[in-house]
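Enquirer: Pasting the sequence and the predicted coordinates here, then a few questions.
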Amino acid sequence: MKIIFPITLEELKEIKFCDISYNKNKFFWIVFENPVQKIILKNTSSIESILHQINTFFNILETSQYYFAGFFSYELGYYLLSINQNQNKTIFKDFPLIYGGFFSSYKIYEDYFELISDYKLKENYINHFQILESYKNYKKNIIKIKNLIKRGNVYQINYTFPIKVHLYGNIYKLFYLLGKMQISDKSAMIIDKDFYILSLSPELFFYQNDEHIILKPMKGTYKKSSSLREIIKGIQYLKNSSKEKSENAMIVDLIRNDLGRISKIGTVKIENLYKIEIYETIIQMISEISSLLQYSPKTKLFWQSLFPSGSVTGAPKISAMRFIEQLETYKRNVYTGSIGWIINHTSKFNVAIRTLIGKKNTAYYYTGSGITYDSNPKKEFMECINKAKLLKQLQKELKPDYIFTTMKYSGGIIYFEKSHIQRLINTKNFFQFPIKEQKIINAFSRLKKHLEKISYPIRIHFRIYKNGKIYIKLNKLNYKKNIKICLSNKKINPENIFLYFKTSNREIYTKEFDFYKKLGYEEVLFQNKEGFITEGSFTNIIIKIKNEFYTPPKEAGILNGILRQKLIQKGRVKEKNITLVELKEANQIYLINSVRGIIKGYLT
């Protein structure tokens, strides 16, 4: 368990960490790990048992002398407020209602890069966006909400849905890349063996120091443009929009009433009503509400009164939550819940919006908006999509310049033609290059007609750029059947998604090959971080031990070459992790690809 938050200089002073007067960066970073007591309350047992566990947790929280850090899932609110739940679909089985730990200490870092090592931008990738809500279903539910408002059942409902994505690479680095586009001091990152959470939330649920508390609900959104004129237009729209302002005022009124239950009489104040804040991808309207507390964030009554934030439910809160449970297809989990920390007499929690929840390579990014009677379904749907724009920006930033395959032409045929076409199609689909399959097939047909005029063996380099354009280069094929090889001292990372595809992102291979070529070697082999042999810069590896042939498994971090696939399918080669000792002691090392075939390598 590791829980990480950005923290401001002012907040550090208030938790009395030390007397710091300057930081060259925007934030410090506070890290909680190795808890004295780990807290995981799952939504898997009977209601009575869960309620008992909730009471036990708050009893411990109220009396504990340790620090607390963690999250409260949105669905916890149904138990705190005694609202019945339906059996909505859950994206993650057994996701906790309460998660975190009690800690005896925490660490402060001045620079985020102190938390990560071996930082490389191109080791991270995000793609395969799947909106888990059709516009047809969205529009139907918005109409239902507007009818509920018309009948007086509610004034507003915050309606949400998830977007499924695939993530690859180092989670710490991914959080940094996302944060470059939309970091705030309300962000949070949680790394657990079962899941990870990357919250880029700009919304403060509350900040409390001693008896003073401030809440900053966000309501009212406008898409941010790169044009200053459009930004000014967005600011003016929010300032003058009766819809956005009424939506904001409605939630402010709800939160003011909630806060009044746990505050000293006469201390609840509304400050900075309709304040405009500008973020990387959106312009947002916020308001501020403050008070002097009678009950602290360590008490159950505090959370019963405020959680979840009215900005992510609607108004009235309990009625809105009942209808949300009926209308939304998926449980929200930590999304629109809250992530934060409690240190001595100071605490800070966000509203967990702009948040990714993931397991391994699959993650979900939720989005939503507040629906009022004046809401336009199409505009609201587009607002939701705009809130996920930062993910699309990251995808664009990390897309390779081109994808390619190399082939052999001889005797009137392109060797493994169908396999090469399928490789290009699979790769372009993965990286979402804007080119139709038929265009690739047509290019192959034209290429073959051109090759009919050539009588000698040809090496074909077939490239597709990220704008969809095709480039083909032909060279006379000439190669040795026995080559001198060596081992690179560079270790490759199997998490690097680009290892598994033929793309322009092959810098480590090209650099090492060029370096060792000057020393007289004709191929260079690599190891992964675990010390197992992977592949050559342009070949797969096979070793012969006695009468058996072995090749490294794909999971070691290799390109699953076409000839390699054929040999495995025919049962001529087996997959196994190969150690350096096995490589050196092998009866023979073979290097293979679909252009050169099978050649012998001699390690020196």
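Expert: Looks like it arrived, so ask away. Residues are numbered from 1 along each chain as shown.
Enquirer: ok, now how distant is residue 585 from residue 10?
Expert: As judged by CB to CB, to the nearest Å, residue 585 and residue 10 stand 63 Å apart. C-beta: built from backbone N, CA, C; applies to glycine.
Enquirer: Ok, residue 498 next?
Expert: The spacing between residue 498 and residue 10, counted by CB to CB, is 42 Å.
Enquirer: between those two, who's got more neighbours?
Expert: Between residue 498 and residue 10, counting by other CB atoms under 10 Å, residue 498 is the more crowded of the two (21 against 10).
Enquirer: shouldn't the more buried one be in contact with residue 505?
Expert: Yes. Under the criterion of CB atoms under 8 Å, residue 498 makes contact with residue 505 at 4.1 Å.
Enquirer: List the contacts of the closest residue to residue 419 other than its chain neighbours.
Expert: Distance criterion CB to CB, 6 or more residues apart in numbering; nearest residue to residue 419, sequence neighbours excluded, is residue 562 at 4.7 Å. Listed by CB atoms under 8 Å, 6 or more residues apart in numbering, the contact partners of residue 562 are 416, 419-420, 423, 593-594.
Enquirer: pLDDT score for residue 562?
Expert: Looking at residue 562, its pLDDT reads 96.
Enquirer: From residue 592, how far off is it?
Expert: 10 Å.
Enquirer: Same question for residue 312.
Expert: According to CB to CB, residue 312 stands 55 Å off from residue 592.
Enquirer: Would you mind telling me which of the two has the busier surroundings?
Expert: Neighbours were tallied for residue 312 and for residue 592 using other CB under 10 Å; the higher tally belongs to residue 312 (30 against 24).
Enquirer: In space, what's closest to residue 604 - neighbours in sequence excluded?
Expert: residue 484 (6.0 Å).
Enquirer: So that neighbour, which state does it fall into?
Expert: Put simply, residue 484 is strand when judged by DSSP: H, G, I helix; E, B strand; the rest coil.
Enquirer: Would you mind checking the average pLDDT for whichever strand or helix holds residue 256?
Expert: Residue 256 is located in helix 242-260, with elements delineated by DSSP states H and E. Across helix 242-260, pLDDT averages out at 87.
Enquirer: cool, and stretch 175-183?
Expert: Confidence over stretch 175-183 (mean pLDDT, whole number) is 76.
Enquirer: same check, this time on stretch 536-549
Expert: Average pLDDT, stretch 536-549: 96.
Enquirer: Also stretch 382-401?
Expert: Mean pLDDT, stretch 382-401: 78.
Enquirer: repeat for stretch 336-353
Expert: Here stretch 336-353 scores 96 as its mean pLDDT.
Enquirer: quick one: buried residues of it?
Expert: For stretch 336-353, burial by neighbour count (16 or more other CB atoms under 10 Å) applies to 336-343, 346-353.
Enquirer: So for the protein, the centremost residue is which one?
Expert: The C-alpha lying nearest the average C-alpha coordinate of the chain belongs to residue 356 (CA atoms, centre = their mean; 5.2 Å).
Enquirer: Residue 198 is in contact with that residue, correct?
Expert: Yes. Between residue 356 and residue 198 there is a contact at 4.3 Å, judged by CB under 8 Å.
Enquirer: shared neighbours, these two?
Expert: Going by CB under 8 Å, 6+ apart, residues that sit against residue 356 and also against residue 198 are residue 178.
Enquirer: how about the strands in the stretch 451-600 of the chain?
Expert: All strands of the stretch 451-600 of the chain, identified by DSSP state E, counting those that start in this stretch, fall at 458-465, 470-476, 482-492, 523-528, 533-536, 540-545, 548-551, 574-575, 588-593, 597-603.
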